[in-house]
Each structure stands twice: as structure tokens, then as C-alpha cells.
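S.K.: Just the structure for this:
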Amino acid sequence: MQRIMSSTALVFAGALLLSGCAAGSDTGAEASADSCEVVRVEVRDISNGAQNAILTASDPAELQSYLDGLSERVDALGEEAADDSAVSDALDALDEKLDAASDWAETLPSEADVEAGAEIDAEAQSAQTEGIQAAAVKVTEVCKAE
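M.R.: Purely as a prediction, here's the structure:
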């Protein structure tokens, strides 16, 4: 009798598995969590890269080009997250901070100017990195809130 019940249970479990009822398919929440994790990792990389580049800037044109490239990466993330307005808005804010940092980079003294005694405004440099970091944190917070 126990053998029949075990066989029946196995047949039923197999049928459920084949029908997809017991399969580990992604639900909407799991898919959203996965896409949010991708956004968080990418935003962390973008933020860290931008901050490091700003703090070690030696060539304004190179820094500006690098920040513009990071801005393009944020734009691509924004297109992927277009269906989530909160994440999209947070990414737009990060993009604005990167654009502002790129504009700031344009005002930096060249390497030759630095050798001649010109200095980078440390307060403005710090403000750029802090703004980018705050915007990146906001993206992470918005993603976690879902």
C-alpha cells in the first residue's frame, strides 16, 4: 500500500513539474529584484569610477570624456528601467550629476597649468564626488524599496 502511495505521489509531482506549476519560474517580484540588482551593481561601478576619476584627474579633456561615457551607461540603464518611474527618475538625477561633473571638468586647469602652479579647487572637487555618490545612493534606495 505504501508503495502505491509513493508511486502516486511521484507521478503527481512529475505532472506538476512538467506543467510548470512546481517549477521554479521567476515571478514578477523575483525578476524585478534581479533587474534591480543589475542596476545597483552598475550604478555602484559608475559612481566609484566617476569619483576615482575626479579625485585623480590630471587631464581635463580625458576626465570629461570619461564622465560622458559614464553618462551614456546611465542613459542605457534608464532605458532598461523605463517601466519603473522611481528608478528612472533616480537614474536621471545621477545622469545630471555626471553631466555637471563633466561641465566642471571642462573648467579644470590643464596638466601644464598645474605644473605652472595652478591648483584644482578641492572644495569643488569634493562637491562633485559627493553629488555623484548621493545620487547613486538614491538609486540604490529606490531599487531596494520595491
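
S.K.: Burial check on Asn52, number of neighbours?
M.R.: Burial of Asn52 is recorded as 12 neighbouring residues (other CB atoms under 10 Å). Placement of C-beta: from N, CA and C, glycine included.

S.K.: Show me what secondary structure element comes after the helix or strand it falls within.
M.R.: Under the criterion DSSP states H and E, the helix or strand holding Asn52 is helix 28-55. Next in sequence after helix 28-55, counting helices and strands by DSSP H and E, comes helix 60-80.

S.K.: Next, the angle from that next one to helix 28-55.
M.R.: 170 degrees (axes from the mean of the first three to the mean of the last three CA atoms, to 10 degrees).

S.K.: got the buried residues for helix 60-80?
M.R.: Buried residues in helix 60-80, counted by 16 or more other CB atoms under 10 Å: Pro60, Leu63, Gln64, Tyr66, Leu67, Leu70, Ser71, Arg73, Val74, Leu77, Gly78.

S.K.: which secondary structure elements does it contact?
M.R.: Packing partners of helix 60-80 (3 or more CB pairs under 8 Å, 6 or more residues apart in numbering; DSSP states H and E): helix 28-55, helix 85-106.
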